[in-house]
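kindly generate the corresponding structure for this input.
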Amino acid sequence: MDDHHVLGTALRASPPTPAPATLLPRVLHGLGLGHWYAELEGPIGPLYLAWGPHGILGLRPAGDPTRFEEWLRARTGRPARRAAELPPALSARLAAVMGGAHRRLPVDLSHVGSFQRAVLTKTCEIPRGEVRPYAWVAREIGRPQAARAVGNALAHNPVPLLIPCHRVVRNDGGLGSYSCGGPGAKRTLLDLEGAQPDVLEELGKRGVRFVASSATRIFCFPTCRRARRISPHRRVELSSERAAMGAGFRPCRICRPAEPSARG
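Reported below is the predicted structural model:
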């Protein structure tokens, strides 16, 4: 019997031991590949956060892990495995951002359409402690008639908190709904950031949409950092952009409360 025959018989008689089912997931996790999610503590309670090779994929209040996995798979077309914890580097960056640091996190928006991506990108420009109405976002992305569509796009924001849709409020001054825990969670987040949601709602009920300085003749959204420096005796409350323009006020270049053509 030749060597080739003996070797072939030995291979057939002793098949290789299969690798443990957990080996590939561990390797992928170590390399930062695949889709994963883990639970973490957030400013409004426990959260599930999912990530992949190109950044953070999704964030939702923690609850039924199966439902979260189904939601994520419907978005990305790929399954996600649960990890014991976030990768250390991602955890540190996430903690800094949630603590108020002005740092960028990698977010994978490859699974959203161009309109929603424009809405989410613009929303990221709203500073901490400030709010803007849906109509502002629509106008800023060049779709001034699409305020309702903006609201729908934000309602399906895959990564709330990180893309701060809680800083977008109703055009009538009300706080509006929030996909990551409801209106109560939105109020809590705005309060933590110093946006004074109770004051915003009170202004909305009185029909106040803008405030202006009688000294500078500039009008702003009420939460704009420039508006907060207006002395009480110089503060003018305004109900609309038309009223502001009619009274001779100019729109603020920081918060941009008016149409681009009117800002001069």
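
if you drop the residues flanking it in sequence, what lies closest to the residue most central in space within the chain?
Of all residues in the chain, the one closest to the mean position by Cα atoms, centre = their mean is I163, 1.7 Å from it. Once flanking residues are discounted, I163 sits nearest to L120: 4.9 Å by Cβ to Cβ, 6 or more residues apart in numbering. Glycine gets a C-beta too; all of them are placed from N, C-alpha and C.

OK, contacts around S213?
Residues in contact with S213 (Cβ atoms under 8 Å, 6 or more residues apart in numbering) are F219, I230, S231, R234, R235, V236.

whichever of those end up buried, select them in ChimeraX.
Burial among the contacts of S213 is assessed by 16 or more other Cβ atoms under 10 Å; the matching ChimeraX selection reads:
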select :219,230,236
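
strands of the stretch 1-150 of the chain, start to end?
36-42, 45-52, 55-61, 81-82, 132-133 (DSSP state E, counting those that start in this stretch).

tell me the SS of L161?
Following DSSP: H, G, I helix; E, B strand; the rest coil, the label given to L161 is coil.

numbering from 53 from now on, please.
Yep, numbering from 53; the last one is L213 now.

got the phi and psi for it?
Here is the backbone geometry of L213 (degrees, to the nearest 10): phi 80, psi -50.

how near is it to L101?
L213 sits 9 Å away from L101, going by Cβ to Cβ, to the nearest Å.

so where's the protein uncertain?
Scanning the chain for pLDDT under 70 picks out the ranges 53-85, 312-316.

need the contact partners of stretch 152-166.
103-104, 106-109, 127-129, 145-146, 148-149, 169, 172, 180, 210-211, 214-215, 245.

many thanks, have a good one.
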